[in-house]
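Enquirer: need the 3D shape of this:
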Amino acid sequence: MSGERRSTPAPAGTAHKNFQPLDAMLSCAVIHAQSRMTIHSTQADRTLEALSKLPGTGQFTSRRLVVTEDMPKSVWWFEKLLWGSLLFGCLIAPLDWHRMVARAVHQGANEHIPDSLLTTEFEVMNIMVLAGLASTILLGLLFTWLAARRRINWVRWLLAAIFLLGLPAAFGNLTDVLPVNPTVAVLLILQAIVQATALVFVFLPSARPWFWKEEAGPASA
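Expert: As a prediction, the model looks like this:
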């Protein structure tokens, strides 16, 4: 009919052109967000890399502290010095054997052991001193392994406590040995110095991250 208006179809591509400004805005927003994420990621990577290079610290990944698998030099020296201390003990024992056995027998005699049993007591004390020496060496090796290799924190504190609590007895033993066998006395002093130095190394700041393994957990791949 002549009175009806015919709608003229929109040219092809007009609708697409209407969405072009919106597409451009979305593209700009995505590019801006990606650039900000890249900048933050780069800054985080640089921060983690700088922290990981600090002396005595572990590697930092995913906001968690992960202890490095490389043993710090301070822990390495702690382990080797304690081994040296045990070697000192093995050297001192044969040089001071008769005095240690005689002292043990004398302490037993003070407990009113009959003189007729003193010969047997010497034999028994030889065995007991040997057993005590072997136990001390084995416990020393075990505690050193637990602290240096297994990274158990309380073991180093236990070793420090044993050393400090044993100082009065060690000083008394030294005063007894010095007049009888000066060589053994010198070795005892050197052994105490080596033990003290080992404990100083294991409590240095560079050694602390080595004992954070239980808190941090294994490193992620």
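Enquirer: look up how far Leu167 lies from the nearest residue to Val194 once chain neighbours are set aside.
Expert: By the measure of C-beta to C-beta, 6 or more residues apart in numbering, the closest residue to Val194 outside its immediate chain neighbours is Ser85, 4.7 Å from it. To be clear about C-beta, it is placed using only N, CA and C from the backbone, and glycine gets the same treatment. Ser85 sits at a distance of 14 Å from Leu167 (criterion: C-beta to C-beta, to the nearest Å).
Enquirer: these two: which is more packed in?
Expert: Ser85 (21 against 11; other C-beta atoms under 10 Å).
Enquirer: residue contacts, that one?
Expert: Neighbouring residues of Ser85 by C-beta atoms under 8 Å, 6 or more residues apart in numbering: 140, 191, 194-195, 198.
Enquirer: in a strand, it, correct?
Expert: No: counting by DSSP: H, G, I helix; E, B strand; the rest coil, Ser85 falls outside a strand, being helix.
Enquirer: quick one, strands of this protein?
Expert: Using DSSP state E, the strands found in the chain span residues 59-61, 64-66.
Enquirer: hang on, Leu91 packs against Leu187?
Expert: Yes: counting by C-beta atoms under 8 Å, Leu187 is a contact partner of Leu91 at 6.4 Å.
Enquirer: more neighbours: which of these two?
Expert: Leu187 (18 against 14).
Enquirer: in contact with Gln191, which residues?
Expert: Counted by C-beta under 8 Å, 6+ apart, Gln191 has contacts 85, 88-89, 92.
Enquirer: among those residues, which lie within helices?
Expert: 85, 88-89, 92 (DSSP state H).
Enquirer: quick one: contacts for Ala147?
Expert: Contacts of Ala147 by C-beta under 8 Å, 6+ apart are 78-79, 155-156, 159, 202.
Enquirer: on that earlier part again, among the contacts of Ser85, who's most crowded?
Expert: Neighbour-wise, the contacts of Ser85 (other C-beta under 10 Å) top out at Ala198, 26 neighbours.
Enquirer: brilliant, that's me finished.
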